[in-house]
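>>> based on what follows, work out the 3D shape:
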Amino acid sequence: MSTFSGEPVAKTLPRPARISGWKRWVMLLTVPYLGGLLMLAWMQRSLIYHPYPAKALPAQMAALSPDRVHDVVTQTEDNLELRGWLVLPPGRSAKSEDDLKEQLAQDRPLTLYFGGNAANRSYRLLEIETLGESGSDVLIFDYRGYGDSSGEPTEEGLAHDSRAAWKFATVTLNVEPTRIVLYGESLGGGVATRLAQECCQKKTPPAGLILRSTFNSLTAAASYHFSWLPVRWLLIDRFPSDERIRDVTCPVLQFHGRRDTIVPLSLGQKLFAAAPDAAENGQPKRFVELLRADHNDVIETSRREVMGELLEFFRPIKTKK
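The predicted structure is shown next:
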């Protein structure tokens, strides 16, 4: 016979499962890592592009000799407005549109300058002057979102911008492709290489391609700095210059600082290795290793050496008939 005492019977609740020590550490490491991946995927373009917007960058801001710097404006394929400067070499000037046409009709090369990932055209004056002192006119447009140009930067957007600059040079300014040199600094090397490839494939190659402190691909450069992240899977804008430069048939000159901490020398060397050994005209490619230069001080540390190479590179262009 059972009895009932009238008191509740205590129930033992199951204890929550304990997370073992190693699993806890896996979670502590995995959650931040995945968070980092999501942040990289979401914010990657803000990490790549660092534009310095400005309401206006008039020619007089360049603070060069009067009538050497002229404001220029062009339109991209996707209807954005790009603003820039056309800069004549020291000792040259143009007070009117007719004077400018006369200057551009002379036998000097015209360098299309494609800047790096930061700032705007007003920060490139020393390099522009170096090109000018080497005997070249210089045409520089700020990319979309940079300086006083409209839009937001992306790899495809910058390709549109480079085509607009080329069209402005060849159509608006009426300069022959055989006098136009593409100059790409850092990220701009990826932009210039792509444009050179496109022009060569269309059988309208530029007179030359000059690359300064640039990479074989943005993927490789990002992997160097973020080796702990799978950037090869996540990167949207990749700038595969080592694939594109194989189709470049014009002469190639490349500068790279031995002390470069942003784009290591080895990445520049890999890009150079991917280029054809010689241009269609037989001119061999040339790689100049600047012993004292880092990434952003190439002109400051190595101006004489750079100018010597530029003078030599420009000479056949100036003597062409």
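>>> make sure residue 238 is indeed in a helix.
No - Residue 238: not assigned to a helix; according to DSSP: H, G, I helix; E, B strand; the rest coil it is coil.
>>> do I have it right that it meets residue 217?
Yes - here residue 238 reaches residue 217: they are 6.1 Å apart, a contact under Cβ atoms under 8 Å. C-beta coordinates here come from the backbone N, C-alpha and C atoms, glycine included.
>>> these two: who's more crowded?
Neighbour totals were compared for residue 238 and residue 217, and residue 217 leads with 22 against 16 (other Cβ atoms under 10 Å).
>>> how near is the more buried one to residue 155?
11 Å (Cβ to Cβ, to the nearest Å).
>>> what do those two both touch?
Shared contacts of residue 217 and residue 155 (Cβ atoms under 8 Å, 6 or more residues apart in numbering): 190, 238, 239.
>>> quick one: low-confidence ranges for this protein?
1-42, 319-321 (pLDDT under 70).
>>> go again using 50 as the cut-off
1-5, 321 (pLDDT under 50).
>>> point me to the helix or strand that includes residue 211.
Per DSSP states H and E, residue 211 falls inside strand 208-212.
>>> phi, psi of residue 145?
Dihedral angles of residue 145 (phi, psi; degrees, to the nearest 10) stand at phi 90, psi -10.
>>> neighbours of it, how many?
20.
>>> wait, it sits on residue 48?
No - using Cβ under 8 Å as the test, residue 145 is too far from residue 48 to be in contact (11.8 Å).
>>> just to revisit the earlier point, who does the strand holding residue 211 touch, helix- and strand-wise?
strand 180-185, helix 187-201, strand 252-257, helix 298-318 (3 or more Cβ pairs under 8 Å, 6 or more residues apart in numbering; DSSP states H and E).
>>> highest mean neighbour count out of the ones you listed?
Neighbour counts (mean count of other Cβ atoms under 10 Å) averaged over each of those peak at strand 180-185, with a mean of 27.
>>> pull the CA atoms of that strand into CSV?
Taking C-alpha atoms only, strand 180-185 is exported to CSV below (Å, rounded to 0.1, in the frame of the first residue of the first chain):
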residue,chain,number,x,y,z
ILE,A,180,50.6,59.7,-76.3
VAL,A,181,52.3,58.1,-73.3
LEU,A,182,50.3,56.4,-70.6
TYR,A,183,51.7,57.0,-67.1
GLY,A,184,50.4,55.0,-64.1
GLU,A,185,51.3,55.6,-60.5
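>>> that strand pairs with which strands?
For strand 180-185, the paired strands and their directions (DSSP bridges) read strand 110-114 (parallel), strand 208-212 (parallel).
>>> contacts for it, please.
109-116, 124, 127, 131, 136, 166, 169-170, 190-193, 195-196, 206-214, 313-314, 317.
>>> if we go to 7 Å?
Contacts to strand 180-185, defined as Cβ atoms under 7 Å, 6 or more residues apart in numbering, come from residues 109-116, 127, 131, 136, 169, 190-193, 195-196, 206-214.
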